[in-house]
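Visitor: Predicted model follows, preceded by the sequence.
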Amino acid sequence: MDQSPPLRIAVLGSGRGSNFVALAEAVRSRALPIDIRLVISDVESAPILIHARYRDIQAHFIPPGGFRTKLDEAAEAAYLAALDEAGVEFIVLAGFMRILKGPLLHRFAGRVVNIHPSLLPAFPGLNAWQQALDYGVKVTGCTVHLVDEGVDTGPILAQRAIPVLDGDTAISLHERIQMAERDLYPEVVGALARKEIQVRGRLTRGFSGGR
Ligand code: GRF
């Protein structure tokens, strides 16, 4: 039985929510010391909100404001207010399609984690699986990293490698990467909640679940 007090987290996502579902299921079935206090989306119709409500987890659509790739100032304040109200200690990004900057990231410095569908630092940004296919790499994968001011540049916590197969399409490769994500992300967030991961600058240690 894990004795750590549960880590109070928020999950932010813009889409399907398969990583959120994997995390919520792992919290339940593996009794991870995690309390998912709320889910926030910048997309009103995002399935991640439906998955959260189905599990009786508070779920908010908070409009992102006028920018395409980030939150505007008022939106950021609204996100922060919701996070504070729910007593959130740690933010888990799961397909949140906006770059976090400014006061929100400042307040949660070192306490925001993301999963990216490539072996960073290769192929940051959008459609990383397509970038990997186009480049012709034979191995790609997924990366769990802390979020800093850059795009997919924060300290790497864990990675899982996936071979690129002859005949792979963007769809087949993406699907295999996402299967690995759903396995890896709950393990890493669980390790963070148990305070098993140490971070020193870019160098991190303490997670042994990568394969
Ligand atoms: C994942 O593939 C993740 O790598 C990327 O966004 C996608 C989110 O998928 N950051 P889902 O919404 O969790 O299904």
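Guide: The structure has been received and is ready for your questions.
Visitor: what about the residue in the chain that the ligand sits nearest to, neighbour count?
Guide: Of all residues in the chain, the one sitting closest to the ligand is Gly95 (2.6 Å; C-beta to the nearest ligand atom). Where you see a C-beta, it was placed from the backbone N, CA and C, and this is true even at glycine. Gly95 has 23 neighbouring residues, counting by other C-beta atoms under 10 Å.
Visitor: hey, where'd the strands end up in the protein?
Guide: Using DSSP state E, the strands assigned to the chain run over residues 7-12, 34-41, 58-61, 90-93, 112-116, 139-146, 156-163, 198-200, 203-205.
Visitor: Mind pulling up the pLDDT for the residue of the chain closest to the ligand?
Guide: Among the per-residue scores, Gly95 holds a pLDDT of 97.
Visitor: so what's it up against?
Guide: With contact set as C-beta atoms under 8 Å, 6 or more residues apart in numbering, Gly95 has these partners: Gly13, Ser14, Gly15, Arg16, Gly17, Asn19, Ile48.
Visitor: now with 10 Å?
Guide: By C-beta atoms under 10 Å, 6 or more residues apart in numbering, the contact set of Gly95 is 11-20, 41, 43, 46, 48, 114-115, 117, 178, 181.
Visitor: The longest helix along the chain near the ligand anywhere?
Guide: Of all the segments of type helix in the chain, defined by DSSP state H, the longest one is helix 170-193. Yes. Counting by C-beta under 6 Å from any ligand atom, the ligand is contacted by helix 170-193 at Gln178, Glu181.
Visitor: which strands and helices sit next to that helix?
Guide: The contact analysis (3 or more C-beta pairs under 10 Å, 6 or more residues apart in numbering; DSSP states H and E) places helix 170-193 against strand 7-12, helix 18-29, strand 34-41, strand 90-93, strand 112-116, helix 128-135, strand 139-146, strand 156-163.
Visitor: Please produce a markdown table containing those, extended by distance to Gly102.
Guide: Below are those laid out as a markdown table (distance: least, C-beta to C-beta, whole Å):
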| stretch | distance to Gly102 |
| --- | --- |
| strand 7-12 | 15 |
| helix 18-29 | 24 |
| strand 34-41 | 16 |
| strand 90-93 | 14 |
| strand 112-116 | 13 |
| helix 128-135 | 25 |
| strand 139-146 | 17 |
| strand 156-163 | 23 |
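Visitor: want to throw those into JSON lines with distance to Gly190 and mean neighbour count?
Guide: Converted to JSON lines, the helices and strands packed on helix 170-193 look like this (distance: least, C-beta to C-beta, whole Å; neighbours: other C-beta atoms under 10 Å):
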{"stretch": "strand 7-12", "distance to Gly190": "9", "mean neighbour count": "24"}
{"stretch": "helix 18-29", "distance to Gly190": "7", "mean neighbour count": "19"}
{"stretch": "strand 34-41", "distance to Gly190": "7", "mean neighbour count": "24"}
{"stretch": "strand 90-93", "distance to Gly190": "11", "mean neighbour count": "23"}
{"stretch": "strand 112-116", "distance to Gly190": "12", "mean neighbour count": "23"}
{"stretch": "helix 128-135", "distance to Gly190": "24", "mean neighbour count": "18"}
{"stretch": "strand 139-146", "distance to Gly190": "11", "mean neighbour count": "24"}
{"stretch": "strand 156-163", "distance to Gly190": "11", "mean neighbour count": "19"}
